[in-house]
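[1] What follows is a predicted structure for the sequence shown.
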Amino acid sequence: MEAHMKKKGSLDYYLILATVAVLFAISIICIYSMFYFKLAQVQQMEPAIKAAYMSKMNTVISPFLIILILLLGICVPKRLLPTRWLVRSTVLLAGVALAFSFFQGIKMGLVVVLAAALILQVVVLILALVGSERLNFTKKGYWVRVGSSLLHLGMILFVLDLFFYKQQALHLILFWVTTVATVLGMTFCFYADSVVGLFRRKAQHLG
């Protein structure tokens, strides 16, 4: 039992490290591209040059987005499934993604992974909200679990939004849902004690 917990803890630890590293790389690329775009005045160049610049930056960031999507495909199922089933579910999801990629392109394969992760994460969030003990979290606490679920939901929607940014209406919906989920998730994760205290004071006041 102890060995199992260590193995599970190490898996969570390495997944966190990998996710942080990938998000850091994506942030650096985004910051660099924005400053270069402004300082080089790319917006004033010919449309063909601007399109080439955007294509180049998309090519640079694509491998990191693919890695992030694959990490999400592992992180989300592990909340619902025992460790022994995690590898099987990951292999199954990878097989489905590869099939879609082969017949309909890599973009569709990645969207399938994100869609599956989104559905599973909504289930995780619902179970966290109702206080289910069937979820696999390394930390205890109702609000920490809800916050973690919201953060993962926000991350999935953030990546999904990158695929649909040209669809203005859908882009705005995904952007605001991502923003709300991320802000609430960070609040609940980092200030869980304050949230608990706030609800207790309100309950005492109403009582």
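    Yes, it's here. Residues are numbered from 1 along each chain as shown.

[2] remind me which residues of the chain are low pLDDT?
    Residue ranges of the chain with pLDDT under 70: 1-11, 83, 192-193, 195-207.

[3] go with 50
    Along the chain, segments meeting pLDDT under 50 span 1-8.

[4] Which helix runs longest in it?
    helix 2-39 (DSSP state H).

[5] From the chain's centroid, how far away is that one?
    The chain centre lies 11 Å from the centre of helix 2-39; the measure is Cα atoms, centre = their mean, to the nearest Å.

[6] and it, what does it pack onto?
    Under the contact criterion of 3 or more Cβ pairs under 8 Å, 6 or more residues apart in numbering; DSSP states H and E, helix 2-39 touches helix 47-75, helix 77-80, helix 83-104. The way it works is simple: take the backbone N, C-alpha and C, and place the C-beta from them, glycine included.

[7] 7 Å instead, please
    helix 47-75 (3 or more Cβ pairs under 7 Å, 6 or more residues apart in numbering; DSSP states H and E).

[8] Next, the angle helix 2-39 makes with the helix it packs on.
    When axes from the mean of the first three to the mean of the last three Cα atoms, to 10 degrees is applied, the directions of helix 47-75 and helix 2-39 differ by 170 degrees.

[9] what angle do helix 47-75 and helix 83-104 make?
    Computed by the same axes, to 10 degrees, the angle separating helix 47-75 from helix 83-104 equals 150 degrees.

[10] for helix 47-75, which positions count as buried?
    53, 57, 61, 64-65, 67-75 (16 or more other Cβ atoms under 10 Å).

[11] Columns distance to G185 on top of those residues, output as a markdown table?
    Listed next are these as a markdown table, based on distance: Cβ to Cβ, whole Å:
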| residue | distance to G185 |
| --- | --- |
| Y53 | 33 |
| M57 | 28 |
| I61 | 23 |
| F64 | 22 |
| L65 | 20 |
| I67 | 22 |
| L68 | 17 |
| I69 | 19 |
| L70 | 21 |
| L71 | 17 |
| L72 | 14 |
| G73 | 19 |
| I74 | 19 |
| C75 | 14 |
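
[12] Can you tell me which of these comes closest to V111?
    V111 has its nearest neighbour among these in I69, at 9.1 Å by Cβ to Cβ.

[13] Tell me which residues touch that closest one, please.
    Each residue near I69 by Cβ atoms under 7 Å, 6 or more residues apart in numbering is listed here: L110, V113, L114, V159.

[14] try it again with 6 Å
    L110, V113 (Cβ atoms under 6 Å, 6 or more residues apart in numbering).
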